[in-house]
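> Give the three-dimensional model of this entry:
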Amino acid sequence: MTNHRTKREVSENRAAVIAQRATVVRRYAYEGASMAALCRDYGVGIGWLRRQFDAWDVPRRPRGRTAYAAGQETSADERERAALAQRLAEPGLLEQSLVLDLSSARVSGAGVSRLAVPVGGVRVAGEVTVGNWGEALIVILQLEAHPERYPKVRQRKPLGSPWEPRTICWGASTPVDDWLTRGRMFGYHEAGINEYTAAHAQSSAPLGQR
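Predicted structure coming up:
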């Protein structure tokens with residue numbers, strides 16, 4: 001039986017989606033809910049929801065992909081985890097790290113880290129740089145779900161074009177060009193700080209994780 005809604009009901013349902021934007025985007029981009037499921041739950045049409053997602057610049061998943069493909073890029077994650085374990089003064093923080101799911105992004109920047117290390121102990125700050133505003137929104141929603149590990153989640157300013165790389169920060173604010181101080185705030189031991197400083201002193205930081 002077709003469910004015919006009045007204009008008022010349609011308007012109210014759409015307003016509810018807009019009011020619950022963070023939840024709707026989180027369910028789609030992070031929890032793997034399909035557009036069809038969201039339309040059913042909120043009582044809106046899929047055409048309208050697609051246009052709304054485009055207005056919000058929410059990256060679309062490939063058709064049929066409703067959840068993160070577990071195991072993809074595992075070797076890359078392991079390499080990154082091993083490298084950070086050698087640099088962090090408290091490598092136990094890696095056990096609490098969040099593997100960022102950018103599988104729903106339209107375009108993923110080359111070399112983008114997928115591992116977000118929380119604050120704790122001598123590590124008082126962290127950040128990750130992604131390819132564009134859409135990816136930044138996905139990362140922010142994922143980090144904000146764990147405020148005890150990722151406090152004060154924000155984008156670094158100034159902000160450029162939506163399609164330029166965006167850096168997402170959490171914890172204390174770090175100086176942009178003082179690599180020595182940044183290394184200490186990121187919780188690296190002395191050898192790790194020296195390695196980090198040497199890698200970044202000659203140029204601006206590439207896409208990746210701190």
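> Show me the strands in the chain, by range?
For the chain, strands defined by DSSP state E occupy the ranges 98-99, 115-116, 125-130, 154-155, 166-171.
> Columns mean pLDDT, distance to R21 and mean neighbour count on top of those strands, output as CSV?
In short, each C-beta sits where N, CA and C put it, glycine included. Compiled in CSV, the strands of the chain are given as follows (pLDDT from 0 to 100; distance: least, Cβ to Cβ, whole Å; neighbours: other Cβ atoms under 10 Å):
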stretch, mean pLDDT, distance to R21, mean neighbour count
strand 98-99, 88, 22, 16
strand 115-116, 90, 22, 22
strand 125-130, 92, 20, 24
strand 154-155, 94, 17, 14
strand 166-171, 94, 18, 22
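> mind showing which ranges of this protein have poor pLDDT?
For the chain, the stretches with pLDDT under 70 are 1-3, 30, 60-77, 103-113, 201-210.
> go with 80
The model of the chain has pLDDT under 80 over residues 1-5, 22, 25-33, 57-80, 82, 102-114, 158-162, 200-210.
> Next, name the residue at the spatial heart of the protein.
When the chain is reduced to its mean C-alpha position, the closest residue under Cα atoms, centre = their mean turns out to be V139, at 1.1 Å.
> distance of that residue from L88?
For V139, the distance to L88 (Cβ to Cβ, to the nearest Å) stands at 20 Å.
> Identify all contacting residues around stretch 91-101.
Applying Cβ atoms under 8 Å, 6 or more residues apart in numbering, the external contacts of stretch 91-101 come out as 29-30, 68, 77, 81, 84-85, 88, 113-118, 120-121, 123, 128, 138-139, 142-143, 146, 149-150, 187.
> The residue nearest to the centre of the chain touches T129, doesn't it?
No - between V139 and T129 there is no contact under Cβ atoms under 8 Å: 9.7 Å.
> can you list residues touching both of those two?
Joint contacts of V139 and T129 (Cβ under 8 Å, 6+ apart) are I168.
> coming back round to it: do you know which of the strands of the chain lies nearest E12?
Comparison of the strands of the chain against E12 by Cβ to Cβ identifies strand 154-155 as nearest, at 32.0 Å.
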